[in-house]
Structure formats: structure tokens, C-alpha cells
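Student: Build me a model from this:
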Amino acid sequence: MSVRIVIVGGVAGGATAAARLRRRDEHATITMIERGPHISYANCGLPYHVGDVIKTKEELFLQTPEMFLQRYNIDARTHQEVTSINREQKSVTVKDLKRKETYTLPYDTLILATGSSPLKPPIPGIDSEGITTLWTVDDADNIRRHVQQRAVKHAVVIGGGFIGLEMTENLRQLGVEVTLVEMLPQVMAPFDYEMAQILHESLEMHGVKLHLNDGVRSFAQAGRDIVVSLASGKEIEANLVILAIGIRPNSVLARDAGLDINAQGGIVVNDDMRTSDPDIYAVGDVIEVEDFVDKSRTMIPLAGPANKQARIAADNILGDGQRYRGTQGTAVVKVFDMTAAATGANEKTLQKRGLVPGTDYEALLLIQNSHAGYYGGASPVTLKIIFNTDDQRILGAQIAGKRGVDKRIDVIATAMRLGASVTQLGELELAYAPPYSSAKDPVNMAGFVASNFIAGLVSFTRWDVLDSKVEHQRIILDVREEVECEEYAIPGAINIPLGQLRSQLQALDCESEIIVFCAVGVRAYNAARILMGHGFADVKVYPGGIRFYQSTHYKQDRKAGD
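Tutor: Numbers count the residues shown, from 1 in each chain. As a prediction, the model looks like this:
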């Protein structure tokens with residue numbers, strides 16, 4: 001008798017588990033239940049369908065129920081919803097949403113891949129016409145129709161996470177004016193604040209109006225438009241509002257069945273993807289996972305981990321001993337011509353867990369070109385690397401730039417997964433040709449900078465070191481060429497070009513703290529070594545140089561120019 005496997009949910013995790021099971025077992029009876037109209041579609045492509053980058057919704061469909069039956073002999077049923085799990089009888093109750101009929105489906109093993117749903121908090125007016133989320137293919141089509149038929153001129157996007165940023169970009173590409181509202185002080189929560197400033201600058205350069213540190217108080221209909229009232233008292237009138245506030249796991253089915261659920265609503269599973277019922281597995285957005293960095297329990301809803309979890313669950317159902325070894329949150333997002341990516345922990349998270357910078361961990365920042373500077377088209381890549389002070393194990397990284405960001409974050413994520421130390425990044429042998437990289441790739445340079453820091457060859461300031469007054473004597477030393485300083489200079493800085501520094505050491509007080517600037521940090525490091533070699537005891541390099549200072553202080557510079 002063949003084993004009966006029922007899968008609840010037919011998108012990323014469910015479809016992957018079903019296909020893997022069939023490849024491993026030709027005789028199993030596999031039934032997949034999906035309450036929506038589609039299975040196995042590319043939901044990560046939805047914002048780009050709205051923006052007309054992906055022209056037709058058919059391009060988003062990876063499989064159809066008919067294809068699943070023909071290719072895999074899998075019974076994929078859409079427009080059907082599992083309403084209850086009968087654990088003692090080992091069956092599920094299914095409602096056919098079209099026929100309005102209910103039936104019982106027995107299982108030997110059950111997989112829950114019910115995913116998540118977008119949050120819609122109880123804000124007054126949130127159900128007004130013209131306010132929508134983006135979660136399904138139908139959502140994307142509805143937004144496209146709304147933009148076209150109502151000639152949308154101004155949209156408000158609520159939430160600065162992945163979907164919010166992607167929708168902001170795609171609406172702007174359609175010529176729509178966009179205001180982005182985020183309750184936190186920054187977009188892109190996996191980034192630390194100073195790295196997010198690079199994205200803030202880029203968003204505003206592309207005409208996006210940012211309202212940070214501000215939440216929505218209410219929505220109100222004004223004819224065919226919506227008035228968005230913010231907690232700050234500001235009001236924004238728009239033709240369309242996109243809610244991208246966050247998601248919640250679809251775990252009601254599991255909760256009602258008595259399975260273990262965490263405080264956030266995530267289904268508790270062990271490392272073989274089994275729930276508190278040994279015959280029920282769960283994968284994807286709906287589950288609690290282990291944080292790869294600190295081994296705590298958390299929720300990290302990402303497509304890549306969901307697919308890996310589904311594969312592991314399928315293998316274990318068939319008797320393997322596979323283990324899921326945690327999620328490190330590796331993610332990437334396109335924001336106009338910028339790419340932002342992160343993996344592992346950021347400083348905010350580490351500090352919330354009680355870790356102390358400089359004692360428990362270190363964070364270093366550097367800027368390097370995406371490829372060889374002498375080959376046209378090179379652009380800066382800003383990289384922040386965080387590592388443990390005891391064993392130099394990499395805890396996380398964040399990268400922003402126009403080119404080559406994705407491959408650098410993937411290299412660092414791989415190094416993390418394999419337990420590499422930050423200094424071992426300098427040992428990696430990476431592909432080099434002028435159009436693609438430099439002989440010392442930015443990832444190698446992160447390892448070199450960390451090695452120099454650990455060896456005491458260089459010290460760095462914080463990015464906001466000049467934003468507060470100090471009582472001790474401090475010199476801001478700019479070692480760029482005079483012509484560079486004419487274009488942009490920090491008030492109060494002393495300019496001594498690097499080539500003249502040795503001959504002008506007498507102009508500097510060796511007892512003072514000296515903060516050295518250059519364009520991106522390379523000349524500043526050389527200047528610091530000169531000063532330290534001549535007995536200057538308190539020398540620090542500003543990370544990322546003038547370029548990073550400008551990105552983190554772009555609003556301040558704009559006010560000064562008004």
C-alpha cells in the first residue's frame with residue numbers, strides 16, 4: 001500500500017515538497033491542497049509585474065495543476081481549503097470553495113506549508129477603496145488595473161521593507177509620485193541605520209518623499225482619493241495606498257489542531273521539520289526557525305529557506321536523517337539603481353541581545369570599487385562586516401552599491417555558513433578580471449581591513465563621531481588633494497594632502513586625537529600609519545571617508561545649501 005501524503009499549501013514550500021517527494025517515491029499518493037487559484041507561482045516577482053517589467057501574469061506561473069498531474073502524477077487541488085486537522089483519525093477536512101462542498105481526506109503524513117498573510121492592523125479607514133496589499137497574482141493585477149484605469153498620479157506606500165521598497169521603485173517607474181511612510185527611523189530593517197542612509201539618499205534622489213519615524217493614524221475617503229493621516233499630524237492625499245507593513249504566519253489551522261505554536265504564531269518544529277505531532281511536518285513562512293548566528297528561536301520568512309526546508313521535510317518523510325541547520329536571513333533588494341543586501345545579524349539585533357560593541361563584537365565599514373577603477377563603469381560598494389571579538393567568527397554583513405553587491409553578500413554568507421573567521425575572507429581566491437572585480441576584491445579587502453584592525457595597525461571612529469561635541473582637543477585631518485577639498489570639505493578640517501604629510505607633521509599636535517579623512521578610506525589609512533609611525537598616539541580613520549560621510553549626512557548638506 002502506498003503512503004498517503006497530504007500537503008496544505010501549494011506555493012513555494014508546498015510545491016517544492018511535493019515535487020521532491022515524487023522524485024524520491026514514484027508510488028506515494030500525493031495530494032496538494034491550495035485555497036487560492038494558483039500553485040507554484042513566483043510571488044517575489046509580483047512588484048515587477050505591477051511595474052510592467054514582467055509583462056504578463058502567465059510569466060509568474062512556474063507550474064499549473066495540470067502540469068503537476070502530467071509531470072509528477074500529483075493531485076494539486078486549487079480553490080480548496082483545509083478547514084481542520086483531525087489528528088486522531090489522521091485526516092483533514094477540506095472545503096471546495098467553488099462547489100461549496102466539504103469532504104474528508106485521509107493522510108499518513110501531513111505537511112503544513114500554509115505560508116503567511118499581510119498584516120492589516122485595525123487602523124480607522126483601512127478598508128477604504130484604493131487601499132490594498134500585494135500578496136497574490138490577483139493583487140498585482142488589481143493594482144495594475146487601478147493605476148491604469150484611474151490614472152493614478154500619487155501613491156502612498158506604508159512600510160519600508162522588501163515589498164514596500166520594490167513597490168516604491170516599480171510605481172515610480174510607471175511615472176507615479178510616491179510617498180513612502182515608515183514607522184521606524186529607517187527603511188530596510190536588516191540594515192543598521194547608517195547603512196540605510198545610503199538607501200534614503202537614493203530614494204530621495206529618485207523623487208520619493210520619505211516620512212520616517214512616523215506611523216499612520218487613520219485613512220479617510222475623499223471622493224475617489226484617500227487621505228492618509230500620520231501620527232505626526234501630517235496629511236497626505238493619494239489615489240492609491242499600498243500596505244506593506246509586515247506579515248503574520250497562517251497558523252490558525254495548526255493552533256486549532258493543538259500543535260505547539262510560539263508567541264508570534266509560528267509553528268514550532270524541530271530540526272527535521274517535524275511539529276509536535278510526529279506525523280505532521282511544517283515548512284516556510286509559517287514556522288519558527290533557529291537563528292544561525294546565535295541559535296535562538298525566531299521567525300525569518302524567506303523563499304530560499306522555505307524551499308530548503310521543504311526539501312528536507314520530503315527527504316525525512318521518506319526515512320532520511322536530514323537536518324535544517326538554521327536561517328541566517330540572507331536577502332537582497334533592488335532599489336532603483338542601487339542594490340542592498342544583508343546576511344546574519346546587524347548591530348541593532350546584537351545590542352538588543354545584550355552584546356556590547358568593542359567588547360563582544362566589532363563592526364568595520366569600507367568602500368571599494370565594484371571592479372577595477374581603470375575599466376569603465378566602476379562604482380562604489382559599501383560593505384559593513386560584523387564579527388565576534390573572541391574568535392573573529394563572522395556574525396553578519398550588509399552591503400549597498402550599484403554593481404556586484406549580490407555576489408559579495410553570497411560569498412560572505414557562504415563563508416559564515418562554513419564557519420570562517422573574518423580574517424579568512426582575505427584568503428579567499430575569487431575570480432578576477434577588470435570588468436568584474438579587482439585583484440583585491442571588496443570581500444578580500446574586508447578581511448585585510450579586519451586583520452589590520454585586529455593587529456592594532458588601524459583604529460576607526462564611529463560614522464557619527466562628528467555629530468556631537470567633545471571636550472578634548474581634536475583635529476580633523478583631510479588628506480585629499482586641495483582640488484578635492486574645493487568640491488566638498490568638512491567644516492573645521494585641516495587639509496594636508498597625503499604626499500605632503502611627512503613634511504608637515506609639525507603642524508599637528510601629537511597629543512590631540514586626530515581623525516583622518518580621505519575620499520573612501522585608503523589614503524586615510526596610509527596617513528594614519530605615517531602618523532602612528534611618528535609617535536602620534538591617538539589616530540583614527542573615519543570609515544568610508546568623505547563619500548560615506550556625505551551619504552549619512554545628505555540631509556544636513558542639503559539644508560546647508562538651501
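Student: how about the helices in the stretch 151-300 of the chain?
Tutor: 162-173, 193-205, 252-256 (DSSP state H, counting those that start in this stretch).
Student: Nearest to residue 230, out of the ones you listed?
Tutor: When the helices of the stretch 151-300 of the chain are compared by Cβ to Cβ, helix 162-173 sits nearest residue 230, at 15.5 Å. Quick note: C-beta positions are derived from backbone N, CA and C, even for glycine.
Student: Please state the mean pLDDT value computed over that closest one.
Tutor: If you average the pLDDT over helix 162-173, you get 96.
Student: Next: stretch 186-204.
Tutor: The model assigns stretch 186-204 a mean pLDDT of 96.
Student: ditto for stretch 242-250
Tutor: For stretch 242-250, the per-residue pLDDT averages 96.
Student: And stretch 499-510, by the same measure?
Tutor: Mean pLDDT, stretch 499-510: 96.
Student: Give me the contacts around it.
Tutor: 473, 475, 477, 479, 494, 496, 514, 527, 530-531, 534-537 (Cβ atoms under 8 Å, 6 or more residues apart in numbering).
Student: rerun at 7 Å
Tutor: Here stretch 499-510 makes contact (Cβ atoms under 7 Å, 6 or more residues apart in numbering) with 473, 475, 479, 496, 514, 527, 530, 534, 535, 536.
Student: Check stretch 108-119 too.
Tutor: So stretch 108-119 is contacted by 3-9, 11, 13-14, 17, 85, 90, 92, 133, 135, 243, 245-250, 253-254, 267, 279-286, 301, 310, 313, 317 (Cβ under 7 Å, 6+ apart).
Student: Which ones among these lie within strands?
Tutor: Taking DSSP state E, the ones among those that sit in strands are 4-8, 85, 92, 133, 243, 247-249, 280-282.
Student: who wins for neighbours among the contacts of stretch 499-510?
Tutor: residue 479 (28 neighbours; other Cβ atoms under 10 Å).
Student: hmm, back to that, Throw the helices of the stretch 151-300 of the chain into JSON lines and include distance to residue 547 and mean neighbour count, thanks.
Tutor: Below are the helices of the stretch 151-300 of the chain laid out as JSON lines (distance: least, Cβ to Cβ, whole Å; neighbours: other Cβ atoms under 10 Å):
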{"stretch": "helix 162-173", "distance to residue 547": "22", "mean neighbour count": "24"}
{"stretch": "helix 193-205", "distance to residue 547": "10", "mean neighbour count": "21"}
{"stretch": "helix 252-256", "distance to residue 547": "49", "mean neighbour count": "17"}
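Student: Tell me which of these lies nearest to residue 100.
Tutor: With Cβ to Cβ as the criterion, residue 100 lies closest to helix 252-256 of these, at 19.6 Å.
Student: Run the chain-centre distance for stretch 316-335.
Tutor: 16 Å (Cα atoms, centre = their mean, to the nearest Å).
Student: Please apply the same query to stretch 142-158.
Tutor: On Cα atoms, centre = their mean, the centre of stretch 142-158 falls 25 Å from the chain's centre.
Student: And the average pLDDT for it is what?
Tutor: pLDDT averaged over stretch 142-158 equals 93, rounded to a whole number.
Student: Please measure how far the first residue of it sits from its last one.
Tutor: 18 Å (Cα to Cα, to the nearest Å).
Student: measure stretch 373-385 end to end?
Tutor: 23 Å.
Student: which residues touch it?
Tutor: Contacts for stretch 373-385 (Cβ under 7 Å, 6+ apart): 192, 195, 198, 363-372, 394, 397-405, 408, 422, 434-435, 442, 446, 450, 520, 544, 547-548.
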